[in-house]
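A.B. asks: dropping the sequence and predicted coords here.
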Amino acid sequence: MTSPVDFGVLLGLAYQVFVDELQIDLRVRGFDDIGTAYGYVFRALDAEELHLRQLAERLGMSDQGAAKIVNEMEQRGYLERHPDPVDGRIKKLRLSSRGAKALATARRFHAAYVRRLGKSLSEDDLAATRRVLEAVVASHGTDAAHARLRAM
């Protein structure tokens, strides 16, 4: 008798399958230089312009870690920095037009992925899957996990 795959392993595999397919779709559409962490930044900056420290807090990471991703994304043309209108010494971050296009492309992929799943799963199964995944995230119980979820 074969034992079922561990729940955590299944979660990890499902995530990897999704990310792999997303990366392929983005590559085909001209976004072949997007790192996996970029998606969180895209979504956070789509909601509002942020300072680097605000972005780091929103994503639950260090300022240095956020700066590394931001510098890379800026070099690749996905975001821009501009002076804060209140304090010109501070730079605000915003998506460039290329960044907004990449985010829109990713969102179309997300919607298509769910539609494709809907062909093999019932609406009830899709809703139950979403509830389980939300419960997994909520069970973490940290502000960082909830901030990441809000950023999405």
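C.D. replies: Structure received. Numbering: from 1, shown residues only.
A.B. asks: state the mean pLDDT of stretch 111-126.
C.D. replies: Mean pLDDT, stretch 111-126: 95.
A.B. asks: residues touching the spatially closest residue to Lys91 that is not a sequence neighbour, list them.
C.D. replies: Counting by CB to CB, 6 or more residues apart in numbering, Arg81 is the residue found nearest to Lys91 once chain neighbours are left out, at 4.1 Å. C-beta: built from backbone N, CA, C; applies to glycine. Applying CB atoms under 8 Å, 6 or more residues apart in numbering to Arg81 gives the contacts Glu74, Lys91, Lys92, Leu93.
A.B. asks: and Asp46, by the same measure?
C.D. replies: Contact analysis of Asp46 by CB under 8 Å, 6+ apart lists Leu95, Ala100, Leu103.
A.B. asks: would you list the phi and psi of it?
C.D. replies: phi -70, psi -30 (degrees, to the nearest 10).
A.B. asks: next one: Thr36
C.D. replies: phi -70, psi -30.
A.B. asks: contacting residues around it?
C.D. replies: Thr36 makes contact with Val19, Gln23 under the criterion CB under 8 Å, 6+ apart.
A.B. asks: what about it, distance to Ser139?
C.D. replies: The gap separating Thr36 from Ser139 is 23 Å, by CB to CB, to the nearest Å.
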